[in-house]
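Q: My questions concern the predicted model and sequence given below.
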Amino acid sequence: MRLEALKSDPQAFSDHFDVVKGMSDEDWCVNMKRQSQNGSSLIFAEENGVLVGMSGGRQYQFPDFSHNYSLQSLFVSPHQRRRGFGKRLLRAHIEFALKKNPGIANFLCEIYSSQVESINLHIDFGFIVVGRIVEFRKAKSQKSDLIYMQLRSKTLKL
């Protein structure tokens, strides 16, 4: 799923396809276990036993920031988009995080300006734009701003 995401939407993740394509299943398992121990979590969406999407995130570990949760990735296979999987993944991840720690006050995400569908999904869910870094990414001929978005837990209507 992650390799599919890196191929079809390379701007959705910080990794690069050419760097991670050689990782074995064992390498991925070791990486995921390490990430899990650091507070990261992954939520998957499937239909008829086939993975169609995933969402990754983590709670901030420092005590002064532990009331914040970073939604670090959201991907739905291109042929499965506009069927509600993104919204369900977002909802499931937020519900998971709040169940794990009801004290979370903020959900935060960073989305490249070129990912218009993702930005609109988050806005429809209640996120607001709180900042922007101009030309954060300069890959080949594509330039993208980095959009910072926030959702306050007290405004949630799950």
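A: Cool, got the structure.

Q: distance between the longest helix anywhere in the chain and the chain's centre?
A: In the chain, taking DSSP state H as the definition, the longest helix is helix 85-100. Relative to the mean C-alpha coordinate of its chain, helix 85-100 is positioned 11 Å out (Cα atoms, centre = their mean, to the nearest Å).

Q: same thing with stretch 48-59?
A: Using Cα atoms, centre = their mean, the offset of stretch 48-59 from its chain centre is 9 Å.

Q: what sits up against that stretch?
A: By Cβ atoms under 8 Å, 6 or more residues apart in numbering, the residues outside stretch 48-59 that reach it are 1-2, 5, 35, 38-46, 66, 68-77, 80, 85-86, 89-90, 92-93, 97, 100-101, 104. Placement of C-beta: from N, CA and C, glycine included.

Q: Only whichever of those are buried, select them in PyMOL.
A: Buried subset of the contacts of stretch 48-59, written as a PyMOL selection, criterion 16 or more other Cβ atoms under 10 Å:
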select buried, resi 1+2+5+39+41+42+43+45+68+69+70+71+72+73+74+75+76+77+80+85+86+89+90+93+97+104
